[in-house]
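Engineer: Build me a structure from this.
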Amino acid sequence: MMRGNKTEEKNAHSLANTLADRIHRDTIEKGLHEGDFFMTVDQIGEHYSVSRTIAREAVSQLRALGILHSRQRKGLLVGRPDPVELMARSVPFYARGHQGDELLRLAQLRYALELGAIELAVSAATDDQLQCLRKTAKKFESIAGTQGHTQEADNIDAAFHRQILEMTGNPLIAGMHGVLSDYFHASTQLEQPPDASRAIQEHEMIVGAICRRDRELARTVMRSHLEESLRTVQERGEP
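Structural biologist: Just a heads-up that it's a prediction; the model follows:
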């Protein structure tokens, strides 16, 4: 009896997933925009020939993704999903256990975001942003130069990288990088070399390259700077 109940639950969940995909596809094919009316839950059940239970579960999934949202007395309206919010929800589950290929893939995604963003930062950085970046690099040098990679120094280093991503002027780039940075900062303890002199020097070179609007140098130094962290994650995942 228990086995039958579990099978029914699994089938219902599968049907709800399939329905959610169909509804999402239909909102796109119909050219619906944010705020447009889609259907009520009852209308979904009738239109797609499914039970109210399946319709409600599918709608619940789409609400969680921001694809649909409810408005009292108006039914279901088309929403506008926030990619950063979706990423923030999924990352902790994607690499549960903080090991293996999943962790390396997240580290590679973070690497690609930062390396790709440096050229945008060089082009778009304002004088005020550059001044803040200089101050952060100096603060890191002051702390890490005498104490090494302490928790305080690592926090300043994270702020340095976050400021560069914010220089792009693209909230998606900065937001997605922020999700990854927060995840690694809070959930993993990656060993850092006690001597921070290389990081200090690379910070200084990155700031100088951005100030001179030298894309090629900024990209070269950033690549070297990021490869060490990527290598650490890769070595950690090896048996």
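Engineer: isn't residue 119 right up against residue 213?
Structural biologist: No: contact status for residue 119 versus residue 213: not in contact, 10.4 Å apart, counting by Cβ atoms under 8 Å. Heads up, the C-betas are built off the backbone N, CA and C, glycines and all.
Engineer: Pick out whichever of these two has more residues nearby.
Structural biologist: Using other Cβ atoms under 10 Å, the more surrounded residue of residue 119 and residue 213 is residue 119, with 15 against 11.
Engineer: Which parts of stretch 216-225 count as buried, going by neighbours?
Structural biologist: 217, 218, 219, 221, 222, 225 (16 or more other Cβ atoms under 10 Å).
Engineer: And that stretch, how far out from the chain middle?
Structural biologist: Between the centre of stretch 216-225 and the centre of its chain there are 22 Å (Cα atoms, centre = their mean, to the nearest Å).
Engineer: Equivalent analysis for stretch 131-144, please.
Structural biologist: That offset, for stretch 131-144, works out to 25 Å (Cα atoms, centre = their mean).
Engineer: who's in contact with that stretch?
Structural biologist: The contact list for stretch 131-144 (Cβ atoms under 8 Å, 6 or more residues apart in numbering) reads 125, 150, 152-153, 156-157, 159-160, 163-164, 167, 196, 199-200, 203-204, 206-207, 210-211.
Engineer: now the helices for the chain?
Structural biologist: Ranges of helices in the chain, per DSSP state H, are 2-29, 41-48, 52-65, 83-94, 100-124, 127-147, 151-167, 171-187, 197-211, 215-237.
Engineer: Among those, which comes closest to residue 74?
Structural biologist: Evaluated over the helices of the chain, closeness to residue 74 peaks at helix 41-48, with 12.5 Å, by Cβ to Cβ.
Engineer: Output that closest one as CSV, nothing but the C-alphas.
Structural biologist: Output in CSV follows, covering the C-alpha atoms of helix 41-48 (Å, rounded to 0.1, in the frame of the first residue of the first chain):
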residue,chain,number,x,y,z
VAL,A,41,-5.8,27.7,-11.6
ASP,A,42,-9.2,26.2,-12.5
GLN,A,43,-8.8,27.4,-16.1
ILE,A,44,-5.4,25.7,-16.2
GLY,A,45,-6.8,22.4,-15.1
GLU,A,46,-9.6,22.6,-17.7
HIS,A,47,-7.3,23.9,-20.5
TYR,A,48,-4.6,21.3,-20.0
